[in-house]
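K.L.:
I'd like to go over a predicted model; first the sequence, then the structure.
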Amino acid sequence: MAGLMAHDIGDRLEHVRARIADSVRRAERDSGSVRLVLASKTQPPAAMAAAFAAGARDFGENYVQEATSKRSVLGEIDIRWHLIGHLQTNKTRVAVGIFSLIQTLDNERLAAALFRWHPSPPMPVLLEINLASESSKSGIEPGRTEALINSVREQVDIQGLMAIPPLSSNPEAARPFFRKLRELRDRLAAATGLELPELSMGMTDDFEAAILEGATIVRVGRAVFGER
């Protein structure tokens, strides 16, 4: 990668971090309470290496095969890999060897497959919630989440919830959905006795609104890597 492009990635990463810090202050939350995961789908390994050199450590991939290929190139770099796309059960054996957190668990069959290949300690996961019951998206409906937790809690380490709100050109339109996810997490924590500390919500266009509503993980790609 050309030095100028690497410099641009570093500058954009610094700018995103500053925006995160500002939103954390506005929300009167502790500094360091939000983790930035760079959504690196389709990005070349060189771009990821440039972001790593600028201080990024968490990267989110949508596909197991793409992450496998990139990991073979970036193997010397101590990246924390997150799966932020749908996981097929026939890919779980490979996935548990790559990802430190799978953010898209949404059914019992997938939990059983993860347990088969990663029984001890249980695989860290987030439950993906389909907040608006959109047929085009994966995820479990909010009303079915408690039953799913009770069904799979002995098989995986459920650390929290993840969601993608309906697409909108107005970042503020996502805030009610972010609030809904936080309130769902609070109800589930009380009902199940699990802490569920993580809320993965917010992307390039709306991560600041997500932080104001309690996000602990934001998934940002375009704001750091530029347009695909």
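P.N.:
Sure thing, it's come through.

K.L.:
for the longest helix that the chain contains, packing partners?
P.N.:
Scanning the chain for the helix with the most residues, using DSSP state H, yields helix 3-26. Judged by 3 or more CB pairs under 8 Å, 6 or more residues apart in numbering; DSSP states H and E, the packing partners of helix 3-26 are strand 35-39, helix 45-53, helix 207-212, helix 222-225. Where C-beta positions appear, they are placed from N, C-alpha and C, glycine not excepted.

K.L.:
Any idea which of those gets closest to N107?
P.N.:
With CB to CB as the criterion, N107 lies closest to strand 35-39 of the helices and strands packed on helix 3-26, at 22.7 Å.

K.L.:
The closest one pairs with which strands, and in what direction?
P.N.:
In the sheet, strand 35-39 lines up against strand 58-61 (parallel), strand 217-220 (parallel) (DSSP bridges).

K.L.:
Show residues contacting it.
P.N.:
By CB atoms under 8 Å, 6 or more residues apart in numbering, the surrounding residues in contact with strand 35-39 are 13, 16-17, 20, 48, 51, 56, 58-60, 82, 84, 200, 203, 216-221, 224-225.

K.L.:
tell me the mean pLDDT over the longest helix of the chain?
P.N.:
Averaged over helix 3-26, pLDDT sits at 90.

K.L.:
Touching it from outside, list them.
P.N.:
In this structure, residues lying in contact with helix 3-26 by CB under 8 Å, 6+ apart are 30-31, 33-34, 36, 38, 46-47, 50-51, 53-56, 207-208, 211-212, 218, 220, 223-226.

K.L.:
Name only those of those that count as buried.
P.N.:
Neighbour-count burial (16 or more other CB atoms under 10 Å) applied to these gives 34, 36, 38, 47, 50-51, 54, 56, 207-208, 211-212, 218, 220, 223-225.

K.L.:
re earlier: buried ones in the longest helix of the chain, by neighbour count?
P.N.:
Buried-residue list, helix 3-26, by 16+ other CB under 10 Å: A6, D8, I9, G10, R12, L13, V16, R17, R19, I20, S23, V24.

K.L.:
tell me the angle it makes with helix 45-53.
P.N.:
Here the directions of helix 3-26 and helix 45-53 differ by 50 degrees (axes from the mean of the first three to the mean of the last three CA atoms, to 10 degrees).

K.L.:
Tabulate the CA atom coordinates of helix 3-26 in CSV.
P.N.:
This file holds the C-alpha atoms of helix 3-26, laid out as CSV (Å, rounded to 0.1, in the frame of the first residue of the first chain):
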residue,chain,number,x,y,z
GLY,A,3,2.4,5.5,2.1
LEU,A,4,-0.2,8.2,1.3
MET,A,5,-3.1,5.7,1.5
ALA,A,6,-1.7,4.3,4.8
HIS,A,7,-1.4,7.8,6.1
ASP,A,8,-5.1,8.6,5.1
ILE,A,9,-6.3,5.5,7.0
GLY,A,10,-4.4,6.6,10.0
ASP,A,11,-5.8,10.1,9.9
ARG,A,12,-9.4,8.8,9.4
LEU,A,13,-9.0,6.3,12.2
GLU,A,14,-7.8,9.1,14.6
HIS,A,15,-10.8,11.2,13.5
VAL,A,16,-13.3,8.3,14.2
ARG,A,17,-11.7,7.8,17.6
ALA,A,18,-12.1,11.5,18.4
ARG,A,19,-15.8,11.3,17.5
ILE,A,20,-16.2,8.2,19.7
ALA,A,21,-14.6,9.9,22.6
ASP,A,22,-16.8,13.0,22.1
SER,A,23,-19.9,10.9,22.1
VAL,A,24,-18.8,9.0,25.2
ARG,A,25,-18.3,12.4,27.0
ARG,A,26,-21.7,13.6,25.8
